[in-house]
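# Sequence first, then the predicted structure:
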Amino acid sequence: MSAANALQTAVFARLSGDSALSTLLGPGGIHDRLLESPAHPYLRLAGIESRDWSTASEPGEEHDLAIEVRGPEGGNRVVQEIAARVLALLHDAGLSLAGQHLVNLRHEGTRTARDGAARGHVAAMRFRAVTEPVA
């Protein structure tokens, strides 16, 4: 399993396993793909961009993880509450990754806005992770 896949799997498990987040989202509210006409609110693991982060002596990768929280029209408060819970679950989290060691996972920023095309609100979250393969 690649480091990016291991990271996504661990993040999905952490978010899916949290009862407070499940209460905010409702059943089936966490996705790792784009859905046609999903129920609001929902959370989507929007993508991971990875690059080499090796040192002279150790291999490693740096990952930019994008998470979107989407809510209905008038749902700015809802997406902010969900984003706050995601932040609490992931920032500095000690996740276990298959075949990888998670050096760190840090929140880089969140942008909330109204999405007129989708007729709702979105919180676009960015996280940065560094991984090293387990020897």
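All right, it came through fine. Numbers count the residues shown, from 1 in each chain.
# in the sheet, who's paired with the residue nearest the centre of the chain?
The centre of the chain sits closest to Ile67, judged by CA atoms, centre = their mean, with a distance of 4.1 Å. Ile67 has these beta-bridge partners by DSSP bridges: Leu45, Met125.
# Do you have the strands of this protein handy? List them.
30-31, 42-52, 61-72, 100-115, 120-133 (DSSP state E).
# The longest one relative to strand 61-72, how many degrees between them?
Just to be clear, that refers to strand 100-115. Here the directions of strand 100-115 and strand 61-72 differ by 30 degrees (axes from the mean of the first three to the mean of the last three CA atoms, to 10 degrees).
# Just the mean pLDDT for strand 100-115, thanks.
Throughout strand 100-115, pLDDT has a mean value of 95.
# name the helices or strands packed onto that strand?
helix 3-16, helix 76-90, strand 120-133 (3 or more CB pairs under 8 Å, 6 or more residues apart in numbering; DSSP states H and E). Where C-beta positions appear, they are placed from N, C-alpha and C, glycine not excepted.
# how deep is Arg126 tucked in, by neighbour count?
Arg126: 15 surrounding residues under other CB atoms under 10 Å.
# begin at 807 from here
Sure thing, new numbering starts at 807, so read that last one as Arg932.
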